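Undergrad: My questions concern the predicted model and sequence given below.
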Amino acid sequence: SYEEIKKQYNDLVLSMEDEIRKQIEAAEEPLKIALFLARIGNYIDFGAMTQVDSDIFLELFSKVQISESDEITYQSFLDQCSKAETFLLLADNCGEIVLDKLLVEQLKERFPELKVAVMVRGGEVLNDATKEDAVYVGMDQVAEVVSNGKPVPGTVYELLSEEAKELLDHADVILSKSQGNYESLSNQGRHIFFTFLCKCDQFTERFGVPELTGMFVEEC
């Protein structure tokens, strides 16, 4: 059971929430900072990591890295959001989902007409966020929270509930967090923005980057 670990990291990031929100709101471009701070939360992954160290997690906040490639993808992300009516965030881990909430806040501030939904796991699997976790951290106060219908550490279309399939099929913009969502959704012909940290050899080799490098990629 990951129940205690999930609560530990939800509570840890909730304790940082006000401070991080101030950091975001003080930035020249709050949405950009919120997006890349939310990516740091992808470190809290008890499936891909042999060890999750809270000290390393906290240290990542002191060196937020935004690459040239990130900037290019971000401009496309803004362009897509400016033309969209609906937005779907595919969430991943506990703790991370608190940072996702701060991202959603800024997304709605920048694009107030955007209807935002957040998809979480349909049951307990590793330390991934469920609907109960989303409510615990207050995500339901800023977006519609939807279960994907299955306790699977990814977003496998064939296993999704009909409601989840409908959201995925018709969202104007999709932002997918995590390696697991990338593995289960990439190369399917969908237009998706993927963001995650490369935490295992498979991903560092695939993208040719050091461990814990943040990625923000657009797949059309």
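TA: Happy to help now that I have it. Residues are numbered from 1 along each chain as shown.

Undergrad: okay, now the nearest residue to Val137 once chain neighbours are set aside: neighbour count?
TA: Computed as C-beta to C-beta, 6 or more residues apart in numbering, the closest residue to Val137 that is not its neighbour in sequence is Val98, at 4.9 Å. Bear in mind the C-beta positions are built from the backbone N, C-alpha and C, glycine included. If you count neighbours by other C-beta atoms under 10 Å, Val98 ends up with 27.

Undergrad: Look through the protein and tell me its longest helix.
TA: If you go by DSSP state H, the chain has its longest helix at helix 3-26.

Undergrad: Other residues contacting the next helix or strand after that helix?
TA: Where DSSP states H and E defines the elements, the next helix or strand beyond helix 3-26 is helix 30-40. Outside helix 30-40, the residues that touch it by C-beta atoms under 8 Å, 6 or more residues apart in numbering are 20, 23-24, 27, 57, 60-61, 64-66, 70, 74, 77-78, 96, 99-100, 102-103, 105-107, 109-110, 177, 195-197, 214, 216.

Undergrad: In three-state terms, label the residue nearest to Val137 for me.
TA: Classification of Val98 using DSSP: H, G, I helix; E, B strand; the rest coil returns helix.

Undergrad: Which pLDDT does the model give it?
TA: Here, the pLDDT recorded for Val98 equals 98.

Undergrad: contacting residues for it?
TA: Per C-beta under 8 Å, 6+ apart, neighbours of Val98: Asn10, Val13, Leu14, Met16, Glu17, Gly41, Val137.

Undergrad: can you give me the helices for the protein?
TA: Assigned by DSSP H, the chain shows helices spanning 3-26, 30-40, 54-60, 68-82, 96-110, 131-136, 162-170, 179-185, 201-207.

Undergrad: how about a markdown table for the ones you listed, with distance to Phe46 added?
TA: Putting the helices of the chain into a markdown table (distance: least, C-beta to C-beta, whole Å) gives the following:
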| stretch | distance to Phe46 |
| --- | --- |
| helix 3-26 | 7 |
| helix 30-40 | 16 |
| helix 54-60 | 12 |
| helix 68-82 | 26 |
| helix 96-110 | 12 |
| helix 131-136 | 14 |
| helix 162-170 | 23 |
| helix 179-185 | 12 |
| helix 201-207 | 16 |
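
Undergrad: which residues does the residue nearest to the spatial centre of the chain form a beta bridge with?
TA: Centroid-nearest residue in the chain: Lys177, 3.5 Å away (criterion: C-alpha atoms, centre = their mean). Lys177 has the following beta-bridge partners by DSSP bridges: Thr195.
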